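> Any chance you could fold what I've pasted below:
(4 chains)
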2 protein chains.
Amino acid sequence: MPARARVSPRKLPKQERSRDTVEVIVKATTRVLLKDGYEACTTNRVAAEAGVSIGSVYQYFPNKESLVMAVMERHQEELRETMVERLAQLAGADLPTAVREMVRALLAAQRLQPKLHRVLLEQVPRIGALRRLHELHGLYEPYVAAWLEANAPRLGLAHPSVAAYVLIGACEGVVTRVMLERPTWLEEGVLEEQLVRLILSYLGGAGAKR
Amino acid sequence: MPARARVSPRKLPKQERSRDTVEVIVKATTRVLLKDGYEACTTNRVAAEAGVSIGSVYQYFPNKESLVMAVMERHQEELRETMVERLAQLAGADLPTAVREMVRALLAAQRLQPKLHRVLLEQVPRIGALRRLHELHGLYEPYVAAWLEANAPRLGLAHPSVAAYVLIGACEGVVTRVMLERPTWLEEGVLEEQLVRLILSYLGGAGAKR
DNA sequence: TCCCGGTGTGAGCATTTGCTCATATTTAGA
DNA sequence: TCTAAATATGAGCAAATGCTCACACCGGGA
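Below is the predicted model of the structure:
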């Protein structure tokens, strides 16, 4: 029988047993990332950590990157859920309240798995499929942009979508910097206050207190 | 396996000839980074690109990281010079002028070697000695903080150093995001306008409108 | 019950990696 | 000119890497 051209080296787990295996592998990848970092996160190392044969890893993951990708996707989904859940609640809120809640949601998301988040940000190259985590902030940009557009007249915004882009970039910068350099600030109130002020003043200064 | 304490496998070039060699190696490292990225930037690859034997590379660079480090240091120094040069000139300027000039300096620095900058930001892990480039924005934080402190009463700033930290983080975020996702925006005026507004409004809104 | 596809195994291959070292060549300066 | 130090060479090693493959095991449906 002639071997057919290999299309997808990655199988989908069909039985409960193999779904467990995949779960174990992804969890092990996370542990290796946390303990030894991205460089050391090799397929053999992950297999050992998972207590599973290297062959089993390659049943479901075509290469090293796909392992990290799986971890990223889960983490990202977790963050996204946290954010969107909160954002949905402040439909009719006024500006200062809405902004403050969004900032809180952002900070809450960062606190979910700070160590993992840090490793992913610090060590995983923003290249190919692995750039996905860094697009996290882009995930909720549509929400922010939509909100700003709906309120553009009231706020006197000329380019709501540009404003959304700038604000998200700015928040991402401050939050990431704090995550990597001053992790403890995440737990204190300073950051929230500063971000709220940054956003509100940019949006017209109406509700910004000195 | 006994781990012997290796002190410095790296020599300092003493003669003109060897200084040339080092130069050639660093330039080659830059080219490899640009062409093939960080992963592919191996010592053997660099030696080949430089047209130099692998032994020569190890005369002056103890390992792969030190090669990238050398590239980073040069690039960083170039950026720093561009920034500081401009910042020195606006000692007595008023707020809007000073801010605008700083933003311009920041953007000018990004335009120096955008491709290299991008590779370093995207692919080099922020770990060990290699995190240095990411501390670039921290380089001019003292200048900004000093300026803000000197003008704190006039601006009504309670915590000038915190303000500097937040502002630099915010600018870094917006600029990095643009660099990686919307490189063409660097050439247009939009970014400058937005950053100026972001900063001025945060600093009290006094000079925010033009 | 039995069979066959889904699942799990791990020795081990082909490369690549970072790096060494014995040797050769070039330079400075006496 | 001559010599010792500085510099350059590159074959090649030990270890690690990503990954394959031939085979064994398991489990659910006929």
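> Let me see the backbone angles for residue A:189.
Note on residue A:189: its backbone torsions stand at phi -80, psi -10 [degrees, to the nearest 10].
> State the helix or strand in which the spatially most central residue of chain A lies.
With distances taken as C-alpha atoms, centre = their mean, chain A has residue A:76 as the residue nearest its mean C-alpha position (3.8 Å). Here residue A:76 is covered by helix A:64-88, with elements defined by DSSP states H and E.
> export the lowest-mean-pLDDT helix or strand in chain A as PDB, just CAs?
Taking mean pLDDT, DSSP states H and E as the measure, the helices and strands of chain A show their lowest mean at helix A:136-139, namely a mean of 81. Extracted in PDB, the C-alpha atoms of helix A:136-139 (Å, rounded to 0.1, in the frame of the first residue of the first chain):
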ATOM      1  CA  LEU A 136      -4.200  40.100  23.400                       C
ATOM      2  CA  HIS A 137      -4.700  43.800  23.900                       C
ATOM      3  CA  GLY A 138      -5.900  43.900  20.300                       C
ATOM      4  CA  LEU A 139      -8.700  41.500  21.400                       C
END
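> Phi first, then psi, for the closest residue to chain B within chain A.
Across chain A, the shortest distance to chain B (C-beta to the nearest C-beta) belongs to residue A:173, at 1.8 Å. C-beta coordinates here come from the backbone N, C-alpha and C atoms, glycine included. Here is the backbone geometry of residue A:173 (degrees, to the nearest 10): phi -60, psi -50.
> How many neighbouring residues does it have?
24 (other C-beta atoms under 10 Å in any protein chain shown).
> So it is in contact with residue B:178, correct?
No. Residue A:173 is beyond contact range of residue B:178, at 11.1 Å (criterion: C-beta atoms under 8 Å).
> Identify the residues contacting residue A:179.
By C-beta atoms under 8 Å, 6 or more residues apart in numbering or on different chains, the contact set of residue A:179 is A:110, A:114, A:117, A:118, A:121, A:186.
> Same question for residue A:108.
With contact set as C-beta under 8 Å, 6+ apart, residue A:108 has these partners: A:82, A:86.
> and it, what helix or strand is that in?
Using DSSP H and E, residue A:108 falls within helix A:95-110.
> quick one: that helix to helix A:64-88, angle?
150 degrees (axes from the mean of the first three to the mean of the last three C-alpha atoms, to 10 degrees).
> Tell me how far helix A:95-110 lies from the chain's centre.
Its chain's average C-alpha position is 16 Å from that of helix A:95-110, according to C-alpha atoms, centre = their mean, to the nearest Å.
> Quick check: which element contains residue A:145?
Assigned by DSSP H and E, residue A:145 falls in helix A:141-150.
> Of all the residues in the next helix-or-strand element following that helix, which ones are buried?
Later in the chain than helix A:141-150, the nearest helix or strand by DSSP H and E is helix A:152-155. By neighbour count, with 16 or more other C-beta atoms under 10 Å in any protein chain shown as the criterion, the buried positions of helix A:152-155 are residue A:155.
> Find the residue closest to residue A:50 in space, skipping its chain neighbours.
Leaving aside its sequence neighbours, residue A:50 sits nearest to residue A:28 (C-beta to C-beta, 6 or more residues apart in numbering or on different chains; 3.5 Å).
> secondary structure element for the one you found?
Using DSSP H and E, residue A:28 falls in helix A:16-36.
> Need the per-residue pLDDT for residue A:82.
We have a pLDDT of 89 for residue A:82.
> and it, how many residues sit next to it?
Counted with other C-beta under 10 Å, residues neighbouring residue A:82 total 17.
> The residue in chain A positioned nearest to DNA strand C in helix, strand or coil?
For chain A and DNA strand C, the shortest gap (C-beta to the nearest atom of the strand) falls at residue A:55, measuring 2.0 Å. On the three-state scheme (DSSP: H, G, I helix; E, B strand; the rest coil), residue A:55 is labelled helix.
> what residues are up against it?
Counting by C-beta under 8 Å, 6+ apart, residue A:55 has no contacts.
> Same check on residue A:47?
A:25, A:28, A:53, A:54, A:56, A:57 are the contacts of residue A:47 under C-beta under 8 Å, 6+ apart.
> Repeat that for residue A:52.
A:21, A:24, A:25, A:28.
> Next SSE downstream of the helix or strand harbouring residue A:165?
In the assignment (DSSP H and E), residue A:165 maps to helix A:160-181. Sequence-wise, the next helix or strand downstream of helix A:160-181 (DSSP H and E) is helix A:190-202.
> Report the angle between that next one and helix A:141-150.
Using the same axes, to 10 degrees: helix A:190-202 against helix A:141-150 is 40 degrees.
> So which of the contacts of residue A:52 wins on neighbours?
Counting neighbours by other C-beta under 10 Å, residue A:25 leads the contacts of residue A:52 with 24 neighbours.
> wait, what's in contact with that residue?
A:46, A:47, A:50, A:52, A:56, A:57, A:60, A:61, A:67.
> Tell me how far the second one lies from residue A:70.
Residue A:47 sits 14 Å away from residue A:70, taking C-beta to C-beta, to the nearest Å as the criterion.
> residues near the nearest residue to residue A:164 once chain neighbours are set aside, how many?
Closest residue to residue A:164 apart from its sequence neighbours, by C-beta to C-beta, 6+ apart: residue A:145 at 3.9 Å. For residue A:145, the neighbour count with other C-beta under 10 Å is 18.
> swap in the one 4 residues further on?
Residue A:149 has 16 neighbouring residues, counting by other C-beta under 10 Å.
> so how far is residue A:88 from it?
Residue A:149 sits 17 Å away from residue A:88, going by C-beta to C-beta.
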